[in-house]
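Undergrad: next come a sequence and a model predicted from it.
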Amino acid sequence: MITIRGLSNQYLEIDVGQRTWNVFTIDRQTCMEYLGGKGVGLKLLYDRFSKLEHAEPLGKDNMLCFSMGAFLGTGATCSACFEATAKSPLTGILAGSSCKGPFGEACKTAGWDGFLITGVSPVPVILRIDEEGVSFQEAKELWGLDTEETRRKLDLTPRDGEAVIGPAGENLVRYANIRSGKQNFGRGGLGAVMGSKRIKAIVARGKSHSISPVLPELFERTHRRSLAFTKRNSFSKAYRAYGTNADTAYAKSAGFAAVYNFQDRLHPDLDAITGEAMEQRYRSFHSGCRYCTILCGHAGIFPDGRKRQLPEYETVGMFGSNIGNFNTDAIVSWNEQMDRYGMDAVSAGGSIAWAMEAKQRGIRDSVLEFGKFDAVSAVLKDIAYMRDEGAELAKGTRWLSTVYGGTSFACHVKGLEMAAYDPRAAWGHGLAYAVANRGGCHLSSYMIGPEAIFGFLDPYSTRSKANWTVFFENLFAAADSLQTCLFSVFPVILEPAAVRLTPKKVLSLMMTRAPNLAQKVMDWSILSDYYRSITGYPVSQKVLLEAGERMLVLERYMNTRMGIDSNMDTLPKRFTEEGETMHKRKSVVPIQEMVKQYYQLRGYDQQGIPAEETLRRLGIVGE
Amino acid sequence: MALQIHENCIGCGACRRVCPVSAVSGVPGERHEVDIKLCIECCSCGRVCPAGAVTDFFNCTIEQLPRSEWEKPVIVHERCTGCGSCAEVCPAGVLEMTDREGRRTASPERLSLCVSCRWCEQYCMFSAVYLMKHEGGASAAGEGRKT
């Protein structure tokens, strides 16, 4: 086995149309500026932007980039993540999504730090990647199979990792997933991009290389610190016990649940779908990613005796309270169905909830109705195969509301459906949705955490929200580039002594009144120390945060070149005008005010376009 | 340099039978071969070879070792979080997740199949698995062992 110290810095450019491939490298400066993972993915697309700018998302000019990051294969905490980036068919702008399946590790330990796929194959194809390069194999027999069957037919060995699409990807459902192991590239329809290139599966055969840190002592020290922090963090403990569905209990207490297509933000029956309820009903146990220390992934035993993966909070919210369903058996089986078809539960749930409300208001006929769920399973199948009503729902909420009307209750931003966190319960989270680069993304800064879950910031105030949104966006973009799981970032910043020993009230006051000072007190050196120990590059925590900012601004810059402007940095009227809900606090999100502050902090002009000076400062354009 | 079977192979097939990933092929009486694209480098083929025909990545001959003396996984139950990583990655299907005193932990259910590849140890984030030679061989150490 060959040992790679740090990064292999070997990337593949694969043209599936011509069936050719070549190897390229990136320079040290770019590595330090963009770290890896998401950052390098964006940079590679930016280097080819003249072609990508006007490319049809499902056409031959779109590119699909997989990038692995420095952490993969080293055994760092929560380090199974890798990133895929492309122009999204759902939003028409860039979408990056991360996944924690076995494919990343296999690709990385085959000696490749990433690859870029261009062109369109005339026939269905499987890409096989190993230490020697890429081979192409016909996939006619696999075309049409679901993700589970495809994986079985691929005859995987313990060294292999796979990334496959299901019928949704083949039929170009705009929010189709790419699936690897039990995990998905969930958002933005990257499965449809892979389907449009007619790639059914990518299989990497790894373990021909081992990855070793350049500074092993620093790595070990950082690793021990990181493990200790995760172990004692209360947020990690809640996720470990109940999975991300622990959030349903927070949603009930803070009032951020999605109910009836976000018409409401509380429901008396929410107790039936909490993580605790599922844990008791299915006797749940851990079933997560490799190298995971949070252990939020859970599976359980169903009443029929079968083991099934339990859904995450977002799926539970979108297919539970958001359509008025409080039967967990149904949610779990729909979740499994969507995993098999390979499609995103948040966007599918958002589209279905929109169709239900449109029927309620009489603007569009549908077999779907709030409170009636017999048709949901059949509709999910129709979406995956683009049949009947499913053919329309497969185009997402933005398309539906543009064609039928009802934009005020179309709960998406820039075309990407919002996850089950109602921004009226956390205004900063509303800002995060509005300005997130890929659209209505809840993970760009996860402001619901400091606002409604940890209670550091007043959720019903605009004070310092723009500041913290910028900070967490930068930090999470950096974490997405290293690459580590976002849930592991919370222990990293909450457990160092300076934060842990400060009384919560003092910390909260500092975060609200003096955000810049609070950010100086915070310590995320575990992330930079990990990166420095693995690669040997002198990256401090300040440089790491600046790299996060650089990739955020670069992505925004590319998006504005593809048509995004300040008019799209807003929330649906539901959240800015309809304040009455079951929650005792009447609230609408004052989005414009916060967006203006955000632009200022980011160095964007009034149209939301990164100013020349900002681009220069970050080295995105030359002097 | 990957694992290799040299010309002194007697074609007994012991390596083929022990390989957990079917990377060794050959007909009885003839020299066997290792498919390096499948091999997980556990070296079990070398440890069962009566002819000393297998060399490792440093081109050193792997010495034959009675199976009772191979290192096998030991689970530190206090540290095990029940995440299931070890059982998922084990190429030989040795480990399984079982309930033990009301807690789900890893358990070496089929210890006799272990090839000492150390994947369980490598993937455990909580240092709850390590490999060691069991006193009295696999049969004495095979807690809950099923064969």
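TA: That came through fine.

Undergrad: leaving out sequence neighbours, find the closest residue to whatever residue of chain A ends up closest to chain B.
TA: Closest contact between chain A and chain B, by Cβ to the nearest Cβ, is at A:Pro158 (4.1 Å). In this view, the C-beta of every residue, glycine as well, is placed from N, C-alpha and C. The spatial neighbour of A:Pro158 that comes closest, neighbours along the chain excluded (Cβ to Cβ, 6 or more residues apart in numbering or on different chains), is B:Pro91 at 4.1 Å.

Undergrad: residue contacts, the one you found?
TA: By Cβ atoms under 8 Å, 6 or more residues apart in numbering or on different chains, the contact set of B:Pro91 is A:Pro158, B:Pro20, B:Val21, B:Ile40, B:Cys42, B:Val115, B:Cys117, B:Trp119.

Undergrad: ramachandran angles for the nearest residue to the last one once chain neighbours are set aside?
TA: Distance criterion Cβ to Cβ, 6+ apart; nearest residue to B:Trp119, sequence neighbours excluded, is B:Val89 at 4.8 Å. For B:Val89, the backbone dihedrals are phi -90, psi -20 (criterion: degrees, to the nearest 10).

Undergrad: before we move on, what about A:Leu64?
TA: Dihedral angles for A:Leu64 - degrees, to the nearest 10 - are phi -120, psi 120.

Undergrad: count of neighbours near it?
TA: Around A:Leu64 there are 25 other residues, counting by other Cβ atoms under 10 Å in any protein chain shown.

Undergrad: test my guess that it contacts A:Gly114.
TA: No: between A:Leu64 and A:Gly114 there is no contact under Cβ atoms under 8 Å: 11.1 Å.

Undergrad: could you chop the chain up by domain?
TA: If you meant another chain, say so; for now it's chain A. What the record gives for chain A is the domain set A:2-212, A:243-401, A:423-617, from automatic domain parsing.

Undergrad: can you look at chain B instead?
TA: Taken from automatic domain parsing, chain B resolves into B:1-65, B:67-141.

Undergrad: secondary structure element for the residue nearest the centre of chain A, which one?
TA: With distances taken as Cα atoms, centre = their mean, A:Ser97 lies nearest the centre of chain A, 4.7 Å away. Assigned by DSSP states H and E, A:Ser97 falls within strand A:94-99.

Undergrad: repeat that for A:Ser210.
TA: Using DSSP H and E, A:Ser210 maps to strand A:209-212.

Undergrad: now the strand holding A:Ser97 - C-alpha only, CSV.
TA: Output of strand A:94-99 as CSV, limited to C-alpha atoms (Å, rounded to 0.1, in the frame of the first residue of the first chain):
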residue,chain,number,x,y,z
LEU,A,94,-24.6,26.5,-8.5
ALA,A,95,-25.4,23.8,-6.0
GLY,A,96,-23.0,22.0,-3.7
SER,A,97,-24.0,19.1,-1.6
SER,A,98,-22.1,16.9,0.7
CYS,A,99,-22.4,13.2,1.4
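
Undergrad: adjacent strands (with direction) for that strand?
TA: Its sheet considered, strand A:94-99 pairs with strand A:82-87 (antiparallel) by DSSP bridges.

Undergrad: what lies in contact with the strand it pairs with?
TA: With Cβ under 8 Å, 6+ apart, strand A:82-87 has contacts from A:37-38, A:41-42, A:45, A:52, A:55, A:57, A:62-69, A:72, A:93-100, A:103-104, A:107-108, A:178, A:185, A:188, A:190, A:193, A:480-481, A:483, A:562.

Undergrad: what residues does chain A put near chain B?
TA: Contact residues (Cβ under 8 Å from any Cβ of the partner chain) of chain A with chain B: A:1, A:75, A:77, A:130, A:157-159, A:205, A:207, A:227, A:240, A:285-288, A:290-293, A:295.

Undergrad: strands - which of those residues land there?
TA: Counting by DSSP state E, the residues of chain A next to chain B place A:Asp130, A:Arg205, A:Phe285, A:His286 in strands.

Undergrad: run through the bridge partners of the last one.
TA: It refers to A:His286. Beta-bridge pairing for A:His286 (DSSP bridges): A:His298.

Undergrad: shouldn't it be in contact with B:Cys80?
TA: No: the pair A:His286 / B:Cys80 is not scored as a contact, 10.5 Å apart, by Cβ under 8 Å.

Undergrad: circling back to that earlier point, any idea how far the residue of chain A closest to chain B lies from A:Arg179?
TA: Using Cβ to Cβ, to the nearest Å, A:Pro158 is found at 19 Å from A:Arg179.

Undergrad: still on that earlier bit, for the residue nearest to the centre of chain A, give me the pLDDT.
TA: A:Ser97 carries a pLDDT score of 96 in this model.

Undergrad: now swap in B:Phe57 and tell me
TA: We have a pLDDT of 85 for B:Phe57.

Undergrad: can you get me a residue count around it?
TA: B:Phe57 has 13 nearby residues by other Cβ under 10 Å.

Undergrad: same question, the one 4 residues further on
TA: Taking other Cβ under 10 Å as the criterion, the count of residues near B:Thr61 is 15.

Undergrad: again with the one 4 residues further on
TA: By the measure other Cβ under 10 Å, the count of residues near B:Leu65 is 16.

Undergrad: who has more neighbours out of A:Pro158 and A:Arg179?
TA: More neighbours surround A:Arg179 than the other of A:Pro158 and A:Arg179, with 31 against 17 (other Cβ under 10 Å).

Undergrad: any idea what sits nearest that one, other than its immediate chain neighbours?
TA: Spatial nearest neighbour of A:Arg179, excluding adjacent residues (Cβ to Cβ, 6+ apart): A:Thr147 at 4.5 Å.

Undergrad: that neighbour and A:Gly189: what is the separation?
TA: Distance, A:Thr147 to A:Gly189, by Cβ to Cβ: 16 Å.
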